[in-house]
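Colleague: starting from these lines, generate the structure:
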Amino acid sequence: MSAHSHEIEEGLAFLPKFDAAGLVTCVATDVATGDVLMVAHMNDEALRKTIATGEAWYFSRSRNALWRKGETSGQTQRVVEIRTDCDQDAVWLRVEQIGAACHTGRRSCFYRKVEVEGEGAKLVFVDADRLFDPNAVYRK
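Modeller: Residues are numbered from 1 along each chain as shown. This next block holds a predicted model:
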């Protein structure tokens, strides 16, 4: 183990490792239940704003833009704890979710499970009730 990897894996300095696009993967879970709410990405600015404000900020790859969770929908995330993995290339936010985490209006983005069907797989809805109407909120 090199001195650098030892510092990353065992040291106390927060040294997030961003990918070639300048992003780090972020998993957000509900602090009360442990449920996975969403997976998103953060650039350096989103991570800094999250740390500074205690609110979840992300970077949208599709819009190529920084965004604060809930700025359009009102479905915010108050950050209770931030963790990083062993090599600091992923971030875990433990959050207090206000309303729905998913842009589809559902509590979590993980509202379908994969079931084996023959030699393939299919999706089945689970925990899929909508907490808000995305068409009304986002005016698509």
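
Colleague: and Arg139, what pLDDT?
Modeller: pLDDT recorded at Arg139 is 79.

Colleague: Ala56 versus that one, what's the distance?
Modeller: 23 Å (C-beta to C-beta, to the nearest Å). No exception for glycine: its C-beta is placed from N, CA and C like everyone else's.

Colleague: neighbour-wise, which of those two wins?
Modeller: Ala56 (27 against 7; other C-beta atoms under 10 Å).

Colleague: so which elements touch the longest helix anywhere in the chain?
Modeller: If you go by DSSP state H, the chain has its longest helix at helix 44-53. Applying 3 or more C-beta pairs under 8 Å, 6 or more residues apart in numbering; DSSP states H and E, we find helix 44-53 packed against strand 57-60, strand 65-68, strand 77-84.

Colleague: between these, which one is nearest to Glu117?
Modeller: Nearest to Glu117, of all the helices and strands packed on helix 44-53, is strand 57-60, at 33.1 Å by C-beta to C-beta.

Colleague: which strands border the closest one, and is each parallel or antiparallel?
Modeller: Applying DSSP bridges, strand 57-60 is found paired with strand 65-68 (antiparallel).

Colleague: quick check: buried residues in the strand it pairs with?
Modeller: Arg68 (16 or more other C-beta atoms under 10 Å).

Colleague: now that strand: average pLDDT?
Modeller: 97.

Colleague: from the chain's centre, how far out does it sit?
Modeller: 13 Å (C-alpha atoms, centre = their mean, to the nearest Å).

Colleague: one more: stretch 44-64?
Modeller: Distance, centroid of stretch 44-64 to centroid of chain: 10 Å (C-alpha atoms, centre = their mean).

Colleague: could you tell me the end-to-end distance of it?
Modeller: Using C-alpha to C-alpha, to the nearest Å, the end-to-end distance of stretch 44-64 comes out at 14 Å.

Colleague: just put the helices and strands packed on helix 44-53 in a markdown table and tack on distance to Ala46.
Modeller: Conversion of the helices and strands packed on helix 44-53 to a markdown table gives the following (distance: least, C-beta to C-beta, whole Å):
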| stretch | distance to Ala46 |
| --- | --- |
| strand 57-60 | 4 |
| strand 65-68 | 6 |
| strand 77-84 | 12 |
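
Colleague: I am finished for the moment; much appreciated.
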